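**Student:** the sequence isn't on hand, but the structure is:
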């Protein structure tokens, strides 16, 4: 293809994220400083032309590696814009509008935001528009505005090194794990969706190994996405250990792997906002967890990151009511792991009425049933967790409990010492932690009893209650324990949570997955 001559007027260190463009001869042309009168912001064009691929063009492999499967701003690219645009002219780069507008309704192409309150108009010095709109929803990833192109790779994909058996793991799966592993492997092969509904402590990570191995052996790209950074940091070393010959990118805010092109990626869901049609297999952990369930942009990011033909694996111990109904009605493919790997039944919550506990707290007192429960654990030196519906109630109780045992600690999401306190609990330096729902997931203590004070509070959903109960009995050395819901009136969520746990135990028993 004949190369167009384009005049670029830029300074060596200028930041580029907004431009004006013209379209001539079905080619989009950017102008940075001298902007012809007919030039416009990219969002004002009805369609962006895409030149055909010039297979004889000698493309930059570093640019290919940097952009393949991504959607980035020009500011994110450490390449001259002349080189970037030359690749576009030869069909190797795709320009997309960062923002679209239809019937006065703006949509951010990167995060899918359509909320008017999250768009701001400003006089833009770069595109010379008095009312240039930008998206505040994904601003932390760099500003997407009406004059911002999203840049992606549209040339040939990188070839993966041939490795027929990248998995190096000698462990064994329980019968329940093996069944789920086979279903995951089949979904990856068939490019279908599958929900893995596995009880807390079932060993979900090991269930994924064969499916990931199948994808990597076929030259596919795999992403494991999770809402929480601590899970990413935990999974990174584990996956690198069992796939030692495969590059693994571990992505979170400030990660050094941000531009690493890897067959296997482990990322917080927010990082998927940078990806576009990248992955053949996406594995979404804790699909029921905040913030994924409450943030449409994160759900949009997951969809955008998948290739048009791809597999999707969802992992959770607590699917919402709609998903549970879809599973039972045959509308969603799923597999259950109703038993833990150690083949002991799940501890079932006990409901204990404790009266008006909030009224008691106003008198600096705890209900006697709660005090007795705590004293018993302290006397037998059994570590325990006590969950509260909010920080205020927890802070009120801490000085009361420290009269019983000065070493008792409290943790919540904004606590700067949260990690060190949790580690002290793991090291058995702390006999008891009182906590908000921040510890309902992602923490494992080998031998703890757990209670909730105020289990009737609406913050304790069915999902939260099942997760909290799942902190008990996770270790093969200590497979049982006590989980008590102290309440001032039973709720539907409490009843549903216990029913779900009992159903899983019943299913596991029928399938022969419980041996004790």
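**Tutor:** That came in fine, so what should we check first? Because the structure is a prediction, the values reported are computed rather than measured. Numbering: from 1, shown residues only.
**Student:** tell me where the stretch 151-300 of the chain has helices.
**Tutor:** 175-190, 204-217, 229-242, 296-305 (DSSP state H, counting those that start in this stretch).
**Student:** tell me which residues of the last one come out buried.
**Tutor:** Yep, that's helix 296-305 we're talking about. For helix 296-305, the neighbour count (16 or more other CB atoms under 10 Å) marks 297-302, 304-305 as buried. Heads up, the C-betas are built off the backbone N, CA and C, glycines and all.
**Student:** hang on, the earlier thing: columns mean pLDDT on top of the helices of the stretch 151-300 of the chain, output as TSV?
**Tutor:** Listed next are the helices of the stretch 151-300 of the chain as TSV, based on pLDDT from 0 to 100:
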stretch	mean pLDDT
helix 175-190	97
helix 204-217	96
helix 229-242	91
helix 296-305	96
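**Student:** what's the burial count for residue 49?
**Tutor:** Neighbour count for residue 49, taken as other CB atoms under 10 Å: 13.
**Student:** same check, this time on the one 3 residues further on
**Tutor:** Neighbours of residue 52 under the rule other CB under 10 Å: 8.
**Student:** do residue 323 as well
**Tutor:** Burial measure for residue 323: 19 neighbouring residues, criterion other CB under 10 Å.
**Student:** check contacts around it.
**Tutor:** 195, 332 (CB atoms under 8 Å, 6 or more residues apart in numbering).
**Student:** and it, helix, strand or coil?
**Tutor:** When the structure is reduced to helix, strand and coil (DSSP: H, G, I helix; E, B strand; the rest coil), residue 323 reads as helix.
**Student:** now swap in residue 83 and tell me
**Tutor:** If you use three-state DSSP, then residue 83 falls in the helix class.
**Student:** return the helix or strand in the protein with minimum mean pLDDT.
**Tutor:** None of the helices or strands of the chain scores lower by mean pLDDT, DSSP states H and E than strand 27-31, at a mean of 87.
**Student:** parallel or antiparallel, list what pairs with it.
**Tutor:** Applying DSSP bridges, strand 27-31 is found paired with strand 20-24 (antiparallel).
**Student:** between helix 175-190 and the biggest helix by length in the chain, find me the angle.
**Tutor:** With DSSP state H applied, the helix covering the greatest number of residues in the chain is identified as helix 492-510. For helix 492-510 against helix 175-190, the angle between stretch directions is 100 degrees (axes from the mean of the first three to the mean of the last three CA atoms, to 10 degrees).
**Student:** which parts of helix 492-510 are buried?
**Tutor:** For helix 492-510, a neighbour-count test (16+ other CB under 10 Å) marks 493-494, 496-498, 500-501, 504-505, 507-508 as buried.
**Student:** nearest to residue 191 among these?
**Tutor:** Within the buried residues of helix 492-510, proximity to residue 191 (CB to CB) peaks at residue 507, which comes in at 28.5 Å.
**Student:** the closest one contacts residue 338, correct?
**Tutor:** Yes. Taking CB atoms under 8 Å as the contact criterion, residue 507 and residue 338 are neighbours in contact, 4.2 Å apart.
**Student:** residue ranges of the helices in the stretch 301-450 of the chain, please?
**Tutor:** 321-328, 357-362, 368-379, 391-402, 418-426.
**Student:** what about the residue lying closest to residue 430 once chain neighbours are set aside, neighbour count?
**Tutor:** Closest residue to residue 430 in three dimensions, ignoring its sequence neighbours and counting by CB to CB, 6 or more residues apart in numbering: residue 424, at 4.6 Å. Residue 424 has 15 neighbours, counted by other CB under 10 Å.
**Student:** for the longest helix of the chain, give me every contacting residue.
**Tutor:** By CB under 8 Å, 6+ apart, the list of residues contacting helix 492-510 from outside reads 176, 199, 318, 336, 338-339, 345-349, 351, 455-456, 458, 460-462, 465-466, 469, 485, 487, 514.
**Student:** again, but for stretch 209-219
**Tutor:** With contacts defined as CB under 8 Å, 6+ apart, stretch 209-219 is touched by 159-160, 162-167, 169, 181-182, 184-185, 187-189, 221-222, 239, 242-243, 246, 263-264, 280-281, 283, 311, 313.
**Student:** ChimeraX command to pick out the buried ones of those residues?
**Tutor:** With 16+ other CB under 10 Å as the criterion, this ChimeraX line picks the buried residues out of the contacts of stretch 209-219:
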select :160,166,167,181,184,185,187,188,221,222,239,242,243,246,263,264,280,281,283,311,313
